[in-house]
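Student: Using only what follows, build the 3D model:
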Amino acid sequence: MTSSRAALVSLRAPSRRRRAFLALTVALGVGCTATRPSEAPVKSGGTGTTGGFEPGGGFDPTGGADTTAPTMDIVTSIDVATAPDGVASSADTLDAPAPDVGTEPAVDVSADCVPVPEYCDGKDNDCDGTPDDGVLSPCGDCNPFCDRATFGGPGSPLAAAAVLADNVLPTDAGGLTSSMESIALQVIWVSNSAEGTVSKLDTETGRELGRYRVCLDPSRTAVGPTGDGWIACRSDGALVAYIWNYDGDCADKNGSGTIETSRDLDGDGRITAGELLPQGTDECVRWTTSTAASGELARAMGVDSEGYGWVGQWTAQRLLRLDPATGAEVSSWTLAGNPYGLAIADDGRIWTANRPQGQIEGYLPGTGTSDVRACPAAGCEPYGIALDEFGRVWVANLGGGPMTVEIYSPTTQQWSSIPVGNRPRGLVANKLGRVYVALDELSIVQVIDTATLAPVTSIPLGEGRFPLGMAVDAQGDVWAVNQQASSVTEIDAQTNAIIAEHPVGAGPYTYSDMTGSAFFNAVKPGRAVFRFEGLAKTGLSGLNAIENTTWTRVELRLETPSTSVITLRTRTANDLAVLATSVWSGSIGPITGPYATLDVGSPVGRYLEVEARLVAGDAAVPPTLLELTAQHEGSP
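Tutor: Now for the predicted structure:
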């Protein structure tokens, strides 16, 4: 939801105390020489805890934050009243104290101390025992060109201050929390191994939205909570790539002012050669990382419930957990065999198909143990792997014996076997009691009932399709990846009729959860954007620092229970029209509470916009943003 009118924090007219501070910082005076004892440092940072400058001018020694437990009402619209000039003044939108600079330590006052009016110089000019009392800048120091503004709290609720808000609820304490709306993912990521690219398609329209060059031989794909793509490669040192789903998340890495990424420029629903970018230049590729030395292959890929990626190294027989923000290795596990694919169960257990060893292995992170089960079929060679609604593990047996699908029940610790047609490869289970198996040489999808473990029907895809991978999208439709036809086929799960066949890149080859089925019921992050305006400094020989505003830091007061987090992005400009089209910075975070002070890189501009994303790791306990403060400095 977007507000119909923009809300700005503008600290325009200095108060009487502020004017006195500005004047006295350039005046000469006499006072006691008294420095702060090193053993009693002055506190800094934070807002609204022990005191500060009120917007009207005086110092408030009792300023504090309202920590009343929040109750929530859904935000249906945000319409912020502004001042007649269209810019809200501090009196309109700001009711929060400046930084908590603590209580200055008392100092010994000598008998010959001559009191003069206090001014900001680190000395006790008025001989009252406290240096700089009542004359510090809003930033808690003696810099006359530093200022702050805060949104949040009952007097300045975040919901009223936001210029844009989506999927958030206000709290009684003036904060914002996520409304816990579910995400409707509608994306499928397909590796085009023969040409070294990855296609992203819209599963509702079948149109190709993007195509990316990330490595020489991309293979497995997986999908994160908001549709971002994880790509595992059989080349480049088992390289893994992370690709943003939404253009708005992409970063302007080269500083051009635009996001350079592949797009369907001619509107034909397909990304062609002229619409592709060279490897390493697409700005929607968040990062790539080689997880091993040259020669290693990544042949398994998945994403856990916390959004971390799991990649299976083929030769090293290892599972690695990767950080979604950086790609850095977080933890690892040595497997009993070579992983050819993986599937992640509801309890977090990671099941791998250890193909050469003829076994499956279930590793439960954090326990240091795994459950290794040998496939009982003669010559069993587990290929594709999937989990059904009962938590059973299904593998396509591509061994030299009879072609079967083998099913293992962790509950009963028993195996079942179902004969199928020639060459089962990938397979997938839906929530309607069906498993779909790709039979490559027959160009058929075989359908099996999960209750009776009996074949239901076969769906011919057309001669020469050679299907490999299978997936189910958020609407329940089934997708087959056709290696020889360089296409994907969309199937209606209710009627088993083919809906459409969509072109992708050359030689698609994918066995994995390429649609993000694990996150079909994931919670959509809350999003809110706040706008700050730099302060016009007046009173010092007419100096005005608006055009030279440098934003030095952002502070948050927040609550992040369980695994919930908040992330931020910023952008600046001297003009509101330019600001609206400016590129966001990279994501800052994840941020956890109760307080955080962030270096935002000192961007310059009269206006600063801060986008806060509220990400609920646990659906029962979303994060809450309570206060947001921006600090800036100017120069003549």
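Student: Mind telling me what element the residue positioned nearest the centre of the chain is part of?
Tutor: Geometric centre of the chain, nearest residue: residue 567, 6.9 Å, by CA atoms, centre = their mean. Using DSSP states H and E, the element containing residue 567 is strand 565-573.
Student: which strands and helices sit next to that strand?
Tutor: Here strand 565-573 touches strand 550-559, helix 576-581, strand 588-591, strand 607-615, going by 3 or more CB pairs under 8 Å, 6 or more residues apart in numbering; DSSP states H and E. Where you see a C-beta, it was placed from the backbone N, CA and C, and this is true even at glycine.
Student: The closest residue to residue 616 other than its chain neighbours: how many residues sit nearby?
Tutor: Leaving aside its sequence neighbours, residue 616 sits nearest to residue 622 (CB to CB, 6 or more residues apart in numbering; 4.1 Å). As a burial measure, residue 622 scores 27 neighbours (other CB atoms under 10 Å).
Student: isn't residue 622 right next to residue 524, touching?
Tutor: No - between residue 622 and residue 524 there is no contact under CB atoms under 8 Å: 10.8 Å.
Student: quick one on the thing from earlier: the inter-axis angle of the strand holding residue 567 versus strand 607-615?
Tutor: Interaxial angle of strand 565-573 relative to strand 607-615 (axes from the mean of the first three to the mean of the last three CA atoms, to 10 degrees): 160 degrees.
Student: Direction included, what does strand 565-573 pair up with?
Tutor: Partners of strand 565-573 in the sheet, by DSSP bridges, are strand 588-591 (antiparallel), strand 607-615 (antiparallel).
Student: Including mean neighbour count, could the helices and strands packed on strand 565-573 go into TSV?
Tutor: Output for the helices and strands packed on strand 565-573, formatted as TSV (neighbours: other CB atoms under 10 Å):
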stretch	mean neighbour count
strand 550-559	21
helix 576-581	13
strand 588-591	19
strand 607-615	24
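Student: can you list the domains in this protein?
Tutor: For the chain, automatic domain parsing gives the domain ranges 16-180+523-633, 187-519.
Student: where exactly do the helices run in the chain?
Tutor: Counting by DSSP state H, the chain has these helices, from start to end: 16-24, 90-93, 158-161, 576-581.
Student: Distance from the third one to the middle of the chain?
Tutor: This means helix 158-161. 22 Å (CA atoms, centre = their mean, to the nearest Å).
Student: Now residue 293: closest residue in space that isn't a chain neighbour?
Tutor: Residue 293's closest residue in space is residue 237 (CB to CB, 6+ apart), at 5.8 Å.
Student: List the residues that contact that neighbour.
Tutor: 290-296 (CB atoms under 8 Å, 6 or more residues apart in numbering).
Student: distance of it from residue 162?
Tutor: 44 Å (CB to CB, to the nearest Å).
Student: re earlier: generate CSV for the domains of the chain, with mean pLDDT as supplementary columns.
Tutor: As requested, these are exported to CSV (pLDDT from 0 to 100):
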stretch, mean pLDDT
domain 16-180+523-633, 68
domain 187-519, 95
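Student: if we can go back for a sec, can you list the buried residues in the strand holding residue 567?
Tutor: Of the residues in strand 565-573, those buried by neighbour count under the rule 16 or more other CB atoms under 10 Å are 565-573.
Student: One more: stretch 450-465?
Tutor: Buried-residue list, stretch 450-465, by 16+ other CB under 10 Å: 450, 455, 459, 461, 465.
Student: just to revisit the earlier point, most neighbours of all the contacts of residue 237, which one?
Tutor: Going by other CB under 10 Å, residue 291 tops these with 23 neighbours.
Student: excluding its backbone neighbours, what's nearest the residue nearest to the centre of the chain?
Tutor: Per CB to CB, 6+ apart, closest to residue 567 is residue 589, 3.5 Å.
Student: Alpha carbons only: can I get stretch 162-180 in PDB?
Tutor: Only the C-alpha atoms of stretch 162-180 are listed here, as PDB (Å, rounded to 0.1, in the frame of the first residue of the first chain):
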ATOM      1  CA  ALA A 162       5.800   5.500   6.200                       C
ATOM      2  CA  VAL A 163       5.600   6.700   2.600                       C
ATOM      3  CA  LEU A 164       5.100   3.100   1.500                       C
ATOM      4  CA  ALA A 165       3.900   0.100   3.500                       C
ATOM      5  CA  ASP A 166       3.100  -3.500   2.500                       C
ATOM      6  CA  ASN A 167       2.200  -6.500   4.600                       C
ATOM      7  CA  VAL A 168       2.600  -4.700   7.900                       C
ATOM      8  CA  LEU A 169       0.500  -3.900  11.000                       C
ATOM      9  CA  PRO A 170       0.700  -1.000  13.400                       C
ATOM     10  CA  THR A 171       1.300  -1.700  17.100                       C
ATOM     11  CA  ASP A 172      -0.100   0.300  20.000                       C
ATOM     12  CA  ALA A 173       3.400   1.400  20.900                       C
ATOM     13  CA  GLY A 174       3.800   3.100  17.500                       C
ATOM     14  CA  GLY A 175       5.800   0.400  15.800                       C
ATOM     15  CA  LEU A 176       5.300  -1.900  12.800                       C
ATOM     16  CA  THR A 177       5.200  -5.700  12.600                       C
ATOM     17  CA  SER A 178       4.600  -8.200   9.800                       C
ATOM     18  CA  SER A 179       1.000  -9.100   9.000                       C
ATOM     19  CA  MET A 180       2.200 -12.700   8.200                       C
END
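Student: List the buried residues in it.
Tutor: 162-171, 173-180.
Student: Tell me the spacing between residue 395 and residue 340.
Tutor: For residue 395 relative to residue 340 (CB to CB), the value is 9 Å.
Student: residue contacts, the residue nearest to residue 460 when sequence neighbours are not counted?
Tutor: Spatial nearest neighbour of residue 460, excluding adjacent residues (CB to CB, 6+ apart): residue 444 at 5.5 Å. Residue 444 makes contacts with 421, 458-461, 467, as judged by CB under 8 Å, 6+ apart.
Student: from the residues you listed, which is closest to residue 221?
Tutor: Checking these against residue 221 by CB to CB gives residue 467 as the nearest, at 15.9 Å.
Student: what's the distance between that closest one and residue 286?
Tutor: Taking CB to CB, one finds residue 467 at 30 Å from residue 286.
Student: more crowded one of these two?
Tutor: For residue 467 versus residue 286, neighbours defined as other CB under 10 Å are more numerous around residue 467 (31 against 21).
Student: Quick check: the more buried one touching residue 460?
Tutor: No - counting by CB under 8 Å, residue 467 stays clear of residue 460, with 10.6 Å between them.
Student: which residues are common contacts for these two?
Tutor: Common neighbours of residue 467 and residue 460 (criterion: CB under 8 Å, 6+ apart): 443-444.
Student: How about the contacts made by the closest residue to residue 270 other than its chain neighbours?
Tutor: Spatial nearest neighbour of residue 270, excluding adjacent residues (CB to CB, 6+ apart): residue 208 at 4.9 Å. Residue 208 makes contact with 199-201, 264, 269-271, 502-504 under the criterion CB under 8 Å, 6+ apart.
Student: Check residue 338 too.
Tutor: Contacts of residue 338 by CB under 8 Å, 6+ apart are 299, 314-315, 317, 354-357.
Student: For ChimeraX, what selects the buried ones among the residues you listed?
Tutor: Buried residues within these, by 16+ other CB under 10 Å, are selected in ChimeraX with:
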select :299,314,317,354,355,357
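Student: Now, the contacts of residue 338 that are in strands?
Tutor: 299, 354 (DSSP state E).
Student: now, among the contacts of residue 338, which is nearest to residue 492?
Tutor: Closest to residue 492, out of all of these and judged by CB to CB, is residue 299, at 31.1 Å.
Student: tell me which residues in stretch 244-259 are buried?
Tutor: 244-245, 249-253, 259.
Student: Many thanks, I have nothing further to ask.
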